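> let me see the structure of the following:
(chains A and B)
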2 protein chains.
Amino acid sequence: MRLHQFAQSPNPRRVRIFMAEKGIQDVELVEVDIRAGENLSDAYRAKNPLGVVPTLELDDGTCIGESVAICRYLEGIKPEPSLFGSDPVSQGRIEMWNRGVEFNVLLQVAMSFRNLSGIFADREKTSKEFGEISLERLAQGFDLLDRRLAETEFMAGDSFSVADITALCSVDFASVVKVPVDDQRPNLQRWHQVVSARPSAGA
Amino acid sequence: MRLHQFAQSPNPRRVRIFMAEKGIQDVELVEVDIRAGENLSDAYRAKNPLGVVPTLELDDGTCIGESVAICRYLEGIKPEPSLFGSDPVSQGRIEMWNRGVEFNVLLQVAMSFRNLSGIFADREKTSKEFGEISLERLAQGFDLLDRRLAETEFMAGDSFSVADITALCSVDFASVVKVPVDDQRPNLQRWHQVVSARPSAGA
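So this is what the prediction gives:
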């Protein structure tokens, strides 16, 4: 298998951590220079019409794009340890919090970063006004995670799951807009230290 | 089971169609007046800290929020007919396109509608500038679906899946910003007629 990725982006990191937690090692990493727009080329879009990284290319040429979709495939071929839940309630709860983190934190980091920095201004319109709004929502998203982690050890309950991987990559990515994890949000900080100490965090 | 929902919103409709496709009928619908902000009340947030509709409440009081998370739970308790895929590749592909539709269409409808109409201006800041940008992206999202549906019968391949439910609800929701499905995008139009004719579409 080959993972087409951009190493510094949060979404490819989600897949690398997922693979590390699963013990999946036989994956070649292929860099796609998204700053140069390589992900928008015809060659890349032939693999992934969505034009985003990462994309997993199987040995038979089948391609699956989107980080969570790739993780779903990997969960299917290597179910243990389960990171999407092993019964209907835990599956629902993990999906709920994975998405809650995506909309309330990851999306807000992306929207504030792209609109305020103009990093992709050569290929997309930006709005500083909306970037500022997104930055406020990001702070509220961090508050949401802090309240949640006052009640549970991990994002979706008692066990580490894909929702923790999404949260770790999202929270770390927030450094690009200078929103830190610190003692203003002690529950988030406690959890962040725990998940950052797992060997997979360095993947 | 009880589904806390707002009937006109696209996300509760996704769950209702999913239930209809599964033949799940024993669910009481409870209206939550999101225009009046009932979803932001302490009572609602106790059920769903994300403060969004829909939320599925099980008979033992367990609550699961987020439309796709609820669908995951329902797939777990009633696996057939499978709407999330029955093997790792189809599971990955369905997740890929479900998310592709969400980001490229549903999110763009929501962003253009909320920022341009100011429907929630009493509780959130808006940016007309970003609303206009989102409207352009929505048109590009429709183009993406049209190109995809030139190649495949349904969004994720040969079979109807949750990605088609997401796409139907997203495309129909785009009427609020006056982006129609018409013969400018013949493949999308062909698919729209097929999925709209399924009995579940009226759920």
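
> any idea how far the residue of chain A most remote from its centre lies from A:D87?
In chain A, A:D60 marks the outermost C-alpha relative to the chain mean, sitting 26.3 Å out by CA atoms, centre = their mean. Applying CB to CB, to the nearest Å, the value for A:D60 to A:D87 is 32 Å. Where you see a C-beta, it was placed from the backbone N, CA and C, and this is true even at glycine.

> next one: A:E21
From A:E21 across to A:D87, the span is 19 Å (CB to CB).

> which residues touch A:I70?
A:I70 makes contact with A:3, A:15, A:18, A:54-56, A:64, B:92, according to CB atoms under 8 Å, 6 or more residues apart in numbering or on different chains.

> just put these in JSON lines and tack on pLDDT, secondary structure and neighbour count.
What follows is the contacts of A:I70, written out as JSON lines (pLDDT from 0 to 100; DSSP: H, G, I helix; E, B strand; the rest coil; neighbours: other CB atoms under 10 Å in any protein chain shown):
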{"residue": "A:L3", "pLDDT": "98", "secondary structure": "strand", "neighbour count": "20"}
{"residue": "A:V15", "pLDDT": "98", "secondary structure": "helix", "neighbour count": "28"}
{"residue": "A:F18", "pLDDT": "98", "secondary structure": "helix", "neighbour count": "24"}
{"residue": "A:P54", "pLDDT": "98", "secondary structure": "coil", "neighbour count": "27"}
{"residue": "A:T55", "pLDDT": "98", "secondary structure": "strand", "neighbour count": "27"}
{"residue": "A:L56", "pLDDT": "98", "secondary structure": "strand", "neighbour count": "27"}
{"residue": "A:I64", "pLDDT": "98", "secondary structure": "strand", "neighbour count": "25"}
{"residue": "B:G92", "pLDDT": "98", "secondary structure": "helix", "neighbour count": "29"}
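
> near chain B, which residues of chain A show up?
For chain A, the contact set with chain B under CB under 8 Å from any CB of the partner chain comprises A:49-50, A:56, A:58, A:62, A:64-66, A:68-70, A:72-77, A:87-89, A:91-93, A:95-96, A:99-100, A:103-104, A:115, A:125-127, A:129-130, A:133, A:136, A:144, A:147-148.

> what's the burial count for the closest residue to A:G23 other than its chain neighbours?
Spatial nearest neighbour of A:G23, chain neighbours left out: A:K78 (7.6 Å); criterion: CB to CB, 6 or more residues apart in numbering or on different chains. Residues lying near A:K78 (other CB atoms under 10 Å in any protein chain shown) number 15.

> list the contacts for A:K78?
Counting by CB under 8 Å, 6+ apart, A:K78 has contacts A:22-24.

> among the residues of chain A next to chain B, which ones are in helices?
The helices, defined by DSSP state H, take in A:68-70, A:72-77, A:88-89, A:91-93, A:95-96, A:99-100, A:115, A:129-130, A:133, A:136, A:144, A:147-148 from the residues of chain A next to chain B.

> which among those count as buried?
A:68-70, A:72-76, A:88-89, A:91-93, A:95-96, A:99-100, A:115, A:129-130, A:133, A:144, A:148 (16 or more other CB atoms under 10 Å in any protein chain shown).

> more neighbours: which of A:E21 and A:D87?
Higher neighbour count among A:E21 and A:D87: A:E21, with 22 against 12, using other CB under 10 Å.

> quick one, strands of chain A?
In chain A, the strands defined using DSSP state E lie at A:2-5, A:28-31, A:55-57, A:63-65.

> reformat the ones you listed as CSV; add distance to A:A110.
Shown next, in CSV, are the strands of chain A (distance: least, CB to CB, whole Å):
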stretch, distance to A:A110
strand A:2-5, 16
strand A:28-31, 20
strand A:55-57, 18
strand A:63-65, 17
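
> from chain B, how far off is the closest residue to A:P180 other than its chain neighbours?
Leaving aside its sequence neighbours, A:P180 sits nearest to A:A174 (CB to CB, 6+ apart; 7.7 Å). Look at A:A174 and chain B: by CB to the nearest CB, to the nearest Å, they are 19 Å apart.

> can you check A:R14 too?
Distance from A:R14 to chain B, by CB to the nearest CB: 13 Å.

> quick one on the thing from earlier: name the member of the contacts of A:K78 with the most neighbours.
A:K22 leads the contacts of A:K78 on contacts (other CB under 10 Å) with 19 neighbours.

> which residues touch that residue?
So A:K22 contacts A:74-75, A:78, A:81, A:83 (CB under 8 Å, 6+ apart).

> again with A:R185
A:142-143, A:145-146.

> hmm, try it at 6 Å
A:142, A:146 (CB atoms under 6 Å, 6 or more residues apart in numbering or on different chains).

> show me how the record splits chain A into domains.
When chain A is parsed with automatic domain parsing, its domains come out as A:2-77, A:88-202.

> for B:F160, find the nearest of those.
Among the domains of chain A, domain A:2-77 comes nearest to B:F160, with 18.0 Å by CB to CB.

> any idea how far apart the tips of that closest one sit?
Domain A:2-77 stretches 15 Å from its first residue to its last (CA to CA, to the nearest Å).

> how far off centre is that domain?
Domain A:2-77 sits 12 Å away from the centroid of its parent chain (CA atoms, centre = their mean, to the nearest Å).

> try stretch A:188-203
Centroid displacement of stretch A:188-203 relative to its chain, using CA atoms, centre = their mean, is 14 Å.
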